[in-house]
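In: what's the 3D shape of this:
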Amino acid sequence: MGTHYIMEDCTTCGACEPVCPVEAIHPGDPMYTIDKDACIDCGACDDVCPVDAIKWEETNA
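Out: This next block holds a predicted model:
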């Protein structure tokens with residue numbers, strides 16, 4: 001199992017939020033956040049991030 005997360009490199013450009021098919025990405029302070037319970041790990045957000053601030057990490061379930 002894995003999960004997507006947003007790193008501190010996030011510039012809050014907002015490119016990721018509209019491409020999320022399950023609305024798991026939300027503006028935060030100081031950066032966007034991903035609701036891990038809602039995220040389906042499709043990778044759409046990772047593909048559009050202009051600063052490569054969204055990563056995927058394998059976790060142990």
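In: ok, residue 49 touching residue 15?
Out: Yes. Between residue 49 and residue 15 there is a contact at 6.3 Å, judged by CB atoms under 8 Å. Every C-beta, even on glycine, is put in place using the N, C-alpha and C of the backbone.
In: Comparing these two, which residue is more hemmed in?
Out: Legend: neighbour count by other CB atoms under 10 Å for residue 49 and residue 15, higher for residue 49 (20 against 17).
In: quick one: the helices in this structure?
Out: With DSSP state H as the criterion, the chain has helices at 44-48.
In: quick one: buried residues of stretch 24-33?
Out: 24-25, 32 (16 or more other CB atoms under 10 Å).
In: give me the low-pLDDT residue ranges for the protein?
Out: Low-confidence segments of the chain, defined by pLDDT under 70, are located at 1, 59-61.
In: need the strands for it, in chain order.
Out: Along the chain, the segments classed as strands by DSSP state E run 2-6, 25-26, 33-34, 54-58.
In: what's the second one packed up against?
Out: Secondary structure elements in contact with strand 25-26, counted by 3 or more CB pairs under 8 Å, 6 or more residues apart in numbering; DSSP states H and E, are strand 33-34.
In: Point out the other helices and strands that the strand it packs on packs with.
Out: strand 2-6, strand 25-26.
In: Serialize those strands to JSON lines and add fields for distance to residue 19.
Out: Listed next are those as JSON lines, based on distance: least, CB to CB, whole Å:
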{"stretch": "strand 2-6", "distance to residue 19": "12"}
{"stretch": "strand 25-26", "distance to residue 19": "8"}
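In: Among those strands, which comes closest to residue 53?
Out: In terms of CB to CB, the element of the helices and strands packed on strand 33-34 nearest to residue 53 is strand 2-6, at 5.7 Å.
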